[in-house]
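K.L.:
3D, please:
(one chain, ligands or ions: 2)
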Amino acid sequence: MKAYGNKESIETAYSLAKAAYAKLDVNTDKAIRAAVDIPISINCWQGDDITGFEGAAGLSGGGILVTGNYPGRARNGDELRKDAEFAFSLIPGKKRFNLHTLYAETGGKQIPRDELEPEHFKDWMIWSKKKKIPLDFNPSFFSHSLADSGYTLSSGNPKISKFWVRHAIASRRIASALGANQGSPSVNNIWIPDGSKDLPADRLSPRLRLRDALDEILALPLDPKTITDTVEAKLFGIGSEAYVVGSHEFYLAYATAKQIRLCLDMGHFHPTETIADKISAALLFVPGLLIHFSRGLRWDSDHVAIYSDDQREVCREILRQKALNRIDLALDFFDGSINRIAAWTIGSRSLRKSLLEALLEPTKLLLAAEKAGKNHERLALMEELKTLPFSAVWDKLCLDARTPVGTDWLQQTDEYEKTVLDKRK
Ligand code: RNT
Ligand code: ZN
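P.N.:
Ligands and ions are numbered 1, 2, ... in the order given. Here you go, the predicted model:
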């Protein structure tokens, strides 16, 4: 493939684009600066197909699924960190890294998940400080024998539910330690797979148990400067098609009642239902949101996030609401069928691109047209915005961030594949 662009042509194209946006009163320099300043939490689990370091052969249970067996997945902390660092060099803007408890480093010892401690994330914390990459966190309620029944926190068997409550508390303690280490809150997101394959006769009892379990987990007081608690709802999973205990209504109500943040995952609703419209409604009642940028293809398939209409609309909504201080942005996808570093790069760059585009919106003009009752003008403007010379601004952002422009990063991932990934056979 030919190199995408040189500095001179990018600068020339940018100066024309800048003038085009200036006509709409949009300052492209400012938008670029703002776009690179928004942290994106990159999902560690794309690097190894959510296998983790517990010695498992791969992801199991939980109603989620990774397909594909592209060579070279990371097999330990050092490989995962090395791959992530390489991906970071291809991704413009502020980055965070999102861990699961599965990624504890226990020095070969089997530590039950309810006994995990911050020390098992010591290497992650050292790396985080050194690379200035803040960490986010997730308790892991899958790939475990005590999750095999399909119920964890909401299990009717107290042996099982108590184990998972202890696990979730351990996870909050670890997240809080990560937050203290990095000097800013670590987002600790609770997602459980609990649900039923077929029509349940009792929809209530598991929900009562989940509510009580969450109450117990969140009762442990931790400094909000170190941890942000979030809960993630879902419509269905593989093996929980008929009923999911932690549904959207359950968690929206729970987060509102408890005044904790709600996680909206783009793949967790009906296939034609999008989350952009939920942001302004939820923010009236919950203190904040976590967005999982994902892409469901026909089902909650967790394909790599792309610059899609859905993603762009979510970013526009976040910015129109001026809600960045109340919304954390995270990627959530897992595709084992393609080069995993390219997957990280494509997903992260797509989100940064959508954010930049949203920042370039002449929102004031749209609002003025709307206020004046000129809805034809609003629509005409929205149509026009789609074909403004946006790519020239995006290229300039990549250039300024000293990251590859266009698809030029593909040469580097090819090289990395040859020299690093292919050696992992
Ligand atoms: C599953 C949820 C959850 C997971 C990650 C790995 O449907 O989306 O966020 O994808 O925790
Ligand atoms: Zn998710």
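
K.L.:
contacts, neighbours, all on C-alpha from now
P.N.:
OK.

K.L.:
For the stretch 1-150 of the chain, just list every one of the strands.
P.N.:
40-43, 95-98, 135-136 (DSSP state E, counting those that start in this stretch).

K.L.:
right, so of the ones you listed, which gets closest to Gln182?
P.N.:
strand 135-136 (7.8 Å; C-alpha to C-alpha).

K.L.:
wait, does the closest one contact ligand 1?
P.N.:
No. Figure legend: strand 135-136 not in contact with ligand 1 (C-alpha under 6 Å from any ligand atom); closest approach 11.2 Å.

K.L.:
try stretch 92-101
P.N.:
No. Figure legend: stretch 92-101 not in contact with ligand 1 (C-alpha under 6 Å from any ligand atom); closest approach 7.2 Å.

K.L.:
That stretch spans what distance, first to last residue?
P.N.:
27 Å (C-alpha to C-alpha, to the nearest Å).

K.L.:
Now it: average pLDDT?
P.N.:
In this model, stretch 92-101 has an average pLDDT of 98.

K.L.:
do the same with stretch 32-49
P.N.:
98.

K.L.:
now do stretch 1-19
P.N.:
Stretch 1-19 comes out at a mean pLDDT of 91.

K.L.:
starting at the chain centroid, how far to that stretch?
P.N.:
Centroid separation between stretch 1-19 and its chain, computed with C-alpha atoms, centre = their mean, to the nearest Å, is 31 Å.

K.L.:
Please export the C-alpha coordinates of that stretch as PDB.
P.N.:
Provided in PDB are the C-alpha atoms of stretch 1-19 (Å, rounded to 0.1, in the frame of the first residue of the first chain):
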ATOM      1  CA  MET A   1       0.000   0.000   0.000                       C
ATOM      2  CA  LYS A   2       1.300   3.500  -0.900                       C
ATOM      3  CA  ALA A   3       2.000   5.900   2.000                       C
ATOM      4  CA  TYR A   4      -1.200   7.800   2.800                       C
ATOM      5  CA  GLY A   5       0.100  11.300   3.000                       C
ATOM      6  CA  ASN A   6       3.000  13.600   3.600                       C
ATOM      7  CA  LYS A   7       3.200  16.500   6.000                       C
ATOM      8  CA  GLU A   8       2.900  19.200   3.400                       C
ATOM      9  CA  SER A   9      -0.200  17.900   1.700                       C
ATOM     10  CA  ILE A  10      -1.900  17.300   5.000                       C
ATOM     11  CA  GLU A  11      -1.200  20.900   6.100                       C
ATOM     12  CA  THR A  12      -2.500  22.200   2.800                       C
ATOM     13  CA  ALA A  13      -5.700  20.200   3.000                       C
ATOM     14  CA  TYR A  14      -6.100  21.200   6.600                       C
ATOM     15  CA  SER A  15      -5.800  24.900   5.900                       C
ATOM     16  CA  LEU A  16      -8.700  24.600   3.400                       C
ATOM     17  CA  ALA A  17     -10.700  22.600   5.800                       C
ATOM     18  CA  LYS A  18     -10.100  25.100   8.600                       C
ATOM     19  CA  ALA A  19     -11.500  27.800   6.400                       C
END
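
K.L.:
so what pLDDT did Glu370 get?
P.N.:
You'll see Glu370 listed with a pLDDT of 98.

K.L.:
Check which element follows the helix or strand encompassing it along the chain.
P.N.:
According to DSSP states H and E, Glu370 maps onto helix 363-371. Next along the chain after helix 363-371, taking DSSP H and E as the criterion, comes helix 375-385.

K.L.:
could you list every residue that touches the residue of the stretch 251-400 of the chain found nearest ligand 1?
P.N.:
The minimum distance from the stretch 251-400 of the chain to ligand 1, using C-alpha to the nearest ligand atom, falls at Asp332 (5.6 Å). Applying C-alpha atoms under 8 Å, 6 or more residues apart in numbering, we find Asp332 in contact with 42-43, 265, 292-294, 302, 305.
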